[in-house]
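Asks: below is the structure, and that's it, no one-letter string:
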């Protein structure tokens, strides 16, 4: 921010930060700290974008395109994935884990858990 005082330009900088220290860290370091108590995942993880490090997005992306009305005057727009904040129970950790999850991934959880329950009851 530049202010003029008596014809001189002075540059004022902020002496404080409003961002908490935990959030100001590089996202990879933040992720490592979050996952330090969780056992290593044995399969390769394919990230579609950095935000997917902190949630289960099921390969969903932000999509881009045009709004095209009758007048055919095109305007740019984007479609965001349907992401919900959920707490899912982990049997291996014995606790609930807060996650950002795409709704199609939630449907897959429900589908697979139904199949696992049916196998348990039929055995």
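Replies: Noted; the coordinates are in hand. Since we're looking at a predicted model, the values are computed, not measured.
Asks: where does this protein have low pLDDT?
Replies: 1-25, 44-54, 115-123 (pLDDT under 70).
Asks: show me where it has helices.
Replies: Assigned helices in the chain, in chain order: 21-24, 27-34, 103-122 (criterion: DSSP state H).
Asks: what about stretch 42-57, how long is it end to end?
Replies: Start-to-end span of stretch 42-57 (Cα to Cα, to the nearest Å) is 19 Å.
Asks: quick one, what contacts residue 96?
Replies: 87-90 (Cβ atoms under 8 Å, 6 or more residues apart in numbering). For glycine as for every other residue, the C-beta is placed from the backbone atoms N, C-alpha and C.
Asks: that one and residue 86, how far apart?
Replies: Look at residue 96 and residue 86: by Cβ to Cβ, to the nearest Å, they are 9 Å apart.
Asks: next one: residue 30
Replies: Residue 30 is 20 Å from residue 86, by Cβ to Cβ.
Asks: cool, and residue 56?
Replies: Taking Cβ to Cβ as the measure, residue 56 falls 9 Å from residue 86.
Asks: which neighbours do these two share?
Replies: Taking Cβ under 8 Å, 6+ apart as the criterion, residue 56 and residue 86 both touch 99-101.
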